[in-house]
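> Turn this into a model:
(chains A and B)
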Amino acid sequence: MPSLPLSPQKARREWKLYFFIVPSLLLVGVFSYFPAGSAIFHSLFDWQGGDAKQFVGFDNFRRALGDKVLWNAFGTVACLMLFNLFKMIPSILMAVLIHRLRSDRWQYFYRVLLVVPMIVPHLVTLFIWKFFLDPNLGILNRVLDFTGGKSALVWIDHVFGWGIFFENAPIGWLSQPELILPALFLWGFPWIGSVGVLIYLAGLQSIGSEVYEAAELDGIGPIGKFFYIELPLILTQVRLSVVLLIIGTIQGYGLQLLLLGDSGGPGGRGMVPGLWMYNRAFIAGDFGYACAIGIILFIFIFTLTVINNRYVRVDK
Amino acid sequence: MANVTLKNLTKIYPASEKNAAFTAVKGINLEIRDREFMVLVGPSGCGKSTTLRMIAGLEEISGGDITIGDQVVNNVLPKDRDIAMVFQNYALYPHMSVYNNMGFGLKLRKFSKAEIDRRVREAAAMLGLENLLDRKPKALSGGQRQRVAVGRAIVRQPKVFLFDEPLSNLDAKMRVSTRTEISKLHARLNATMIYVTHDQVEAMTMGDRICVMKDGQIMQVDEPLTLYNRPDNLYVAGFIGSPAMNLVPGTLRAESEKLTFTERGAAFGLELPARLSRAARGQAGREVILGIRPEDMTELGRDGDGVSAELELDLAEPMGAETYLYLQGGECDVIARVPPRSDYQTGQKVRLRFDLEKIHLFDAETELAIR
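As a prediction, this is how the structure comes out:
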């Protein structure tokens, strides 16, 4: 006989536990599941955000399939994803370097050093970077001027005939369409993320000291130690980072909105799907279509996460 | 294969915020012969593991020399010392298969694939791991993991094998079987092996020679039975053997040619045999400690002759093949090992005869054997 998930005895014993979960569940339901369900529902409507809406079936999705801006935005986000995957490397290296410090005190010092910037609000960091990339006042251009980097860029431009860098004009990192992707790549340099480093450090700390010693006796060098011991043993953490990064990159648009505005900067080169969804909803007032974009984004993220979980294998 | 020589080997851990400076190994001298199975044994904190780790190169030495073969290896990297080590926690690479765990050291040393394969399979056959080569360590039992760790050492064909308490994490049954396997392996490989343990049974059963350590110093180095039968000092006498040797404080008195020993609480007195009387003549009137092993006492019937001591029974522990009697008298507690019998009663008097040829005397002050 199939048993109930909760037997009467168990219910009598544990009802308090279930009772206390209810408020949280209600909140999650109201603020997460209901909006998501509502988005699915409204994606089937031509809806301007008011009371009036008209059922259009899958029209919004059909429209999205032919929406060049949206698909270009997916292209851009794919680029950003590659950038971000690359940007994981410094964090991993940093974690390994800190982990290999012999002095506990210095390890602690570096960990604190990494955690402190976390108290700076993300928005402030974004503004700092906007300032950093400013053509006239920005530090980046000043550094390039001072070090002769700009002259080198102008020279390379001259050789390849790009027509992007000019001797007399400041470099418009956020105002020249061709430079928007490079600027987004530079963003966050030297790409050491506090959370990432701490996650990798946690993984590294679970490697027993005897494993290191055995490897030392086996004749491993510092680089071999990284590739044969450390990296394979923190793959769980790396995979977690990759999943978070994919989700974050696809759905994120705060960076682009703040640096480039709601149309994705000049030529829309910085347009990403999330920003396009925002743009359609709150600039164009086309909420039904924005909902459809949201659903498409969800499908992408879900698919990528499933692939990642299934095929990026971690042997441990 | 090679001999290993430790000369004035010292390890000092410098003072830190939390701890004062600590000398873990105090200038020890030890010669481990080629192809010998040397066991370093002692309680935790005696410096045995530190000594082993210094031989391996995992711990810097603070003074003295380590020679492997003809080479002083003080400043040689661990990987270049031509040693292999088996750790207490196995220290297998969790992400690698058994095969790769064993072959990894060879791969790093740029051996050909064919050679790696040959050696790994040979070692696997020797250790009964053939069917486990594709498994990951987490899919193995403790005993299997330790065999893999041993295999990893074997494939390297090093000059010296180092074992750091390799059986401590195994259950009692596994410990016994792995112990015999390692002993057989030594006979088969004919290699120099240095084995650290805190378990004196392991030391006695495995070692060609045993080095007993205490507080960073060597107390005695000898073959197992010599260590058992002729301990140099009180510490070795008490450490080797289970149950331990009975150590009874008392005084010596000279009576004509012979010396007599009287237990401190006057529970019994003994006339020492000629051998000991001669050796301890200078100690007459002084405090000494008499040592006698539990098996060197015989229980006498009610009217047996030659009683050495009559003591009160605290507890009888039947072990099956024998019975341990916990006895008390004067100021001493004594354990006797007697043939099994079940009709003992707490508080009864037990008459014992000591095998006088097998008693030991130790100076109460220096704790050294008087012979």
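
> Which SSE is immediately downstream of the biggest helix by length in chain B?
If you go by DSSP state H, chain B has its longest helix at helix B:172-189. Going down the chain from helix B:172-189, the next helix or strand is strand B:192-197, by DSSP states H and E.

> Strand partners (parallel or antiparallel) of that next one?
strand B:37-41 (parallel), strand B:160-164 (parallel) (DSSP bridges).

> contacting residues around the first one?
So that's strand B:37-41. B:30, B:32, B:48, B:51-52, B:183, B:186, B:192-200, B:202-203, B:206-213, B:239 (C-beta atoms under 8 Å, 6 or more residues apart in numbering or on different chains). For the C-beta atoms, the positions are set from N, CA and C on the backbone; glycine is no exception.

> swap in stretch A:133-147?
Stretch A:133-147 is contacted from outside by A:131-132, A:149-150, A:153, A:170-175, A:183, A:186-187, A:259, using C-beta under 8 Å, 6+ apart.

> is it true that B:H186 touches B:T205?
No - here B:H186 does not reach B:T205: they are 11.8 Å apart, not a contact under C-beta atoms under 8 Å.

> Number of residues surrounding residue 8?
Assuming you mean chain A. 8 (other C-beta atoms under 10 Å in any protein chain shown).

> Oops, wrong one, chain B.
12.

> So it sits against B:N29, correct?
Yes - B:N8 is within contact range of B:N29, at 6.4 Å (criterion: C-beta under 8 Å).

> in the chain, which ranges drop under the pLDDT threshold?
Using chain A here. Counting by pLDDT under 70, chain A contains low-confidence ranges at A:1-5, A:312-316.

> you looked at the wrong chain, it should be chain B
B:1.

> Up against chain A, what does it have?
Contact residues, chain B versus chain A (C-beta under 8 Å from any C-beta of the partner chain): B:56, B:58, B:78-79, B:83-85, B:87-95, B:104-105, B:108-109, B:136, B:138, B:152.

> quick revisit: filter the contacts of strand B:37-41 down to the buried ones.
Among those, those scoring as buried are B:30, B:32, B:48, B:51-52, B:183, B:186, B:192-200, B:202-203, B:206-207, B:209-213, B:239 (criterion: 16 or more other C-beta atoms under 10 Å in any protein chain shown).

> Next one: the closest residue to B:Q348 other than its chain neighbours relative to chain A, how far apart?
What sits nearest to B:Q348 in space, not counting adjacent residues and going by C-beta to C-beta, 6 or more residues apart in numbering or on different chains, is B:L313, at 5.1 Å. From B:L313 across to chain A, the span is 48 Å (C-beta to the nearest C-beta, to the nearest Å).

> Excluding covalently adjacent residues, which one is nearest to A:P170?
A:P135 (4.0 Å).

> no no, B:H95
A:P232 (4.4 Å).

> so how far is A:G138 from the one you found?
A:P232 sits at a distance of 41 Å from A:G138 (criterion: C-beta to C-beta, to the nearest Å).

> One more: B:G285?
From B:G285 to A:G138 the distance is 96 Å (C-beta to C-beta).

> who's more crowded, the two?
A:G138 (20 against 9).

> tell me which element whatever residue of the stretch 1-150 of chain A ends up closest to chain B falls in.
Scanning the stretch 1-150 of chain A for the residue nearest chain B gives A:R105, at 8.9 Å (criterion: C-beta to the nearest C-beta). Taking DSSP H and E as the definition, one finds A:R105 inside helix A:104-115.

> now what about that helix, what contacts it?
A:94, A:98-99, A:101, A:192, A:194, A:197-198, A:201.

> Please indicate which of those residues are buried?
Those of the contacts of helix A:104-115 that meet the buried threshold are A:94, A:98-99, A:192, A:194, A:197-198, A:201, by 16+ other C-beta under 10 Å.

> Please list the residues of chain A that sit near chain B.
A:208, A:210-211, A:213-220, A:224, A:228-229, A:232-233, A:235, A:315-316.

> Any quick PyMOL command for the buried ones out of these?
Burial among the residues of chain A next to chain B is assessed by 16+ other C-beta under 10 Å; the matching PyMOL selection reads:
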select buried, chain A and resi 208+210+211+213+214+215+216+217+218+219+220+224+228+229+232+233+235
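
> related to what we said a few turns ago, tell me which of the contacts of stretch A:133-147 fall in helices.
Using DSSP H, these in helices are A:131-132, A:149-150, A:153, A:183, A:186, A:259.

> Which of those residues sits closest to B:L272?
Compare each of those with B:L272 using C-beta to C-beta and the shortest gap goes to A:L186, at 91.2 Å.

> Kindly tell me how buried the closest one is, as a neighbour count.
Counted with other C-beta under 10 Å, residues neighbouring A:L186 total 16.

> Show the contacting residues for A:Y212.
A:225, A:229.

> Let me see the backbone angles for it.
phi -60, psi -40 (degrees, to the nearest 10).

> for B:L313, same thing?
Torsion angles, degrees, to the nearest 10, at B:L313: phi -80, psi 120.

> number of nearby residues for it?
When neighbours are counted by other C-beta under 10 Å, B:L313 comes out with 17.

> So what's the residue count around A:L80?
Counted by other C-beta under 10 Å, the residues lying close to A:L80 total 22.

> which residues touch it?
A:184, A:249, A:272.

> Can you tell me the element it falls in?
Going by DSSP H and E, A:L80 is part of helix A:68-86.

> and the next element down the chain from that helix?
Using DSSP H and E, the helix or strand that follows helix A:68-86 towards the C-terminus is helix A:88-100.

> picking up where we left off before, correct me, but the residue nearest to B:Q348 touches B:L327?
Yes - B:L313 is in contact with B:L327 according to C-beta under 8 Å; the separation is 5.9 Å.

> shared neighbours, those two?
B:V350.

> and the contacts of helix A:104-115 as CSV, adding distance to A:V116?
Below are these laid out as CSV (distance: C-beta to C-beta, whole Å):
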residue, distance to A:V116
A:M94, 15
A:I98, 14
A:H99, 19
A:L101, 18
A:I192, 13
A:S194, 8
A:V197, 13
A:L198, 12
A:L201, 15
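
> From the residues of chain B next to chain A, list the buried ones, please.
B:56, B:58, B:78-79, B:83-85, B:87-95, B:104-105, B:108, B:136, B:152.
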